[in-house]
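Student: I would like the atomic coordinates for the input below:
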Amino acid sequence: MPFFGLGLHVLVALFFAVHAIRNGQPLYWLIILFSFPMLGSAVYFFAIYLPNSRLQRGARNVVAAAGKALDPGRELRDARAAFEFTPTAQNQMRLANAQLDAGSAAEAATSFEACLNGPFASDPEIRFGAARAWLESGRADAALVHLEKIRSDTPSFRVEDMALWMAKALAAAGRTAQAQAEFEAGVARFGSFELKAEYAIWAAHNQQPDTAKRLHADLEQSMQRWSRHNRELNAPLLRRLKAAMELV
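Tutor: The predicted structure follows:
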């Protein structure tokens, strides 16, 4: 029995160690994972793995989608009222995120930039929000400034999301070779549906039909296991993918 317990600990620790290395986590996690039986794995699970897992993000997306369906403008109204009543940095961040979710990307970019002038100037989450907002408002150059700063200062920050948004920003900036390299690296490392879909869309628009078709075939296989709810959550991306594939 002691050997079974030890073997289980090693397997669990190895799983999280691979996750830590693939996602650019600090190497001290490896020491923690293998030095403290089960406890290190439990700490890693709750501190790193669960907050960044697709399951957790999916649950948040479901809750957010339900709230938007019932009252699409409520979060923006509440965030604006909270900031006007108490103009703290936290409330300004909430307002910026609400503006971005509501499609007011230019306003969101201005709000995120204001947050970066305060006590949270080095917060990569705010900088990432600013990058997304600038890109969605058509300012790929400004988005790249923030994304490159995050990679330089905090290389372990949301590496999968960074791969996706860096590729999109490079593509929007017309840096074709760099965009493709970023897409290739992201798909090879993470293989997520969104990365493959965005790469397929990019390839279809950049005269690379073979790449687009190969990726689309992989995506079709993944979607065969999807529920109706999954398709509804990803409907905007699927519409863009369908339109892009009509070009090849």
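Student: Now the residue most central in space within the chain: closest residue in space, sequence neighbours ignored.
Tutor: The structure's the chain has its C-alpha centroid closest to D161; by CA atoms, centre = their mean the separation is 3.0 Å. Nearest-residue entry for D161: F128, 7.4 Å, with adjacent residues in sequence omitted and distances by CB to CB, 6 or more residues apart in numbering. Any C-beta I mention is one placed from the backbone N, CA and C, and that applies to glycine too.
Student: try L170
Tutor: Closest to L170 by CB to CB, 6+ apart is A179, at 3.8 Å.
Student: Now for the one you found: which residues touch it?
Tutor: Counting by CB atoms under 8 Å, 6 or more residues apart in numbering, A179 touches A167, K168, L170, A171, W202.
Student: Show me what the helix or strand hosting the residue nearest to the centre of the chain packs onto, helices and strands only.
Tutor: Element membership for D161 (DSSP states H and E) is helix 159-172. Contacts defined by 3 or more CB pairs under 8 Å, 6 or more residues apart in numbering; DSSP states H and E place helix 159-172 against helix 124-136, helix 140-153, helix 176-189, helix 193-205.
Student: Which among the ones you listed is found nearest to Q224?
Tutor: Among the helices and strands packed on helix 159-172, the nearest to Q224 by CB to CB is helix 193-205 (12.3 Å).
Student: and L144, how many residues sit next to it?
Tutor: The number of residues packed around L144, counting by other CB atoms under 10 Å, is 21.
Student: Using neighbour counts, pick out the buried residues of stretch 156-173.
Tutor: Buried positions in stretch 156-173, judged by neighbour count with 16 or more other CB atoms under 10 Å: 158-173.
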